[in-house]
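Colleague: with the input below, show me the fold.
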Amino acid sequence: MSERVNWTLKAQIAIYAERRPGLWDKKLQKLAFSIPHDLQVTYHFVREHSEIHNLSQKAAYDTHTINRQFQVGDLVWIQIPTPKIDNTTITHKLRPKFQGPCRLLEQLSPSTFIAMRISDHVNIGSTNIDRMKPYYEPPTTTSDETFTPEHYSAVPVRRSPLRMRRPTKTT
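Modeller: Residues are numbered from 1 along each chain as shown. This is a model prediction of the structure:
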C-alpha cells in the first residue's frame, strides 16, 4: 500500500515542482494530506461498485433459478455432484444425475436440509435446496388400463433414407 502512495505522491510532487519550482518543499504537507482523502474516496467508490456488482450477479442468478419450497418430511430427488479431477469434470453419459427418493429429516436453515435416502436409509447429510427437486409418486396403473395395439397410431412411420442416392450417369 505504501509503495502505491509513494508512487502517487511522487507524481504529484513532479507536477507541482514543474509548475512552481521553488515552492514544492513548502507545500509537501498539503500534497501528502490529499492522498488519504483520495484513498477514502476510492475506498467508497470500490465499495459501491462491489455492491452494484453483487446485485447484478444476484439478478442474473435469480433469472434462471426456481423458487423452491420444501418442508421437513417431503420426498425429493437430490442431485449427485459430478466428480472432478484437477478441475476436469468426469462425465459418464449413463450415470444417474439424481439420487432418491430422499426424505427431508431436519431443516438447518431456510435453504439447507438434512436428507436421508429411503432405499437404504443412508444419511446424505446437509444439502442445499438448489440441489433438490420434488419427488412425485409414479402413477399406478390398474389391469383395466393396459395398452393394446388399438391405442397406437395407425399412421405408418415414414423413415428417411440415410443418404440420398445420386442418379447414375449413362454414357
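Colleague: ok, the residue minimising distance to the centre of the chain to residue 68 distance?
Modeller: Closest to where the C-alpha atoms of the chain average out (C-alpha atoms, centre = their mean) is residue 61, at 6.8 Å. For residue 61, the distance to residue 68 (C-beta to C-beta, to the nearest Å) stands at 14 Å. Backbone N, C-alpha and C define where each C-beta goes, glycine included.
Colleague: quick one: buried residues of the biggest strand by length in the chain?
Modeller: Scanning the chain for the longest strand, with DSSP state E as the assignment, gives strand 98-109. Across strand 98-109, burial judged by 16 or more other C-beta atoms under 10 Å covers 100-104.
Colleague: repeat that for stretch 6-23.
Modeller: Buried residues in stretch 6-23 (16+ other C-beta under 10 Å): 9, 12-13, 16.
Colleague: pLDDT on it, on average?
Modeller: Across stretch 6-23, pLDDT averages out at 79.
Colleague: sorry, back to before: among the buried residues of stretch 6-23, which are in helices?
Modeller: The helices, defined by DSSP state H, take in 9, 12-13, 16 from the buried residues of stretch 6-23.
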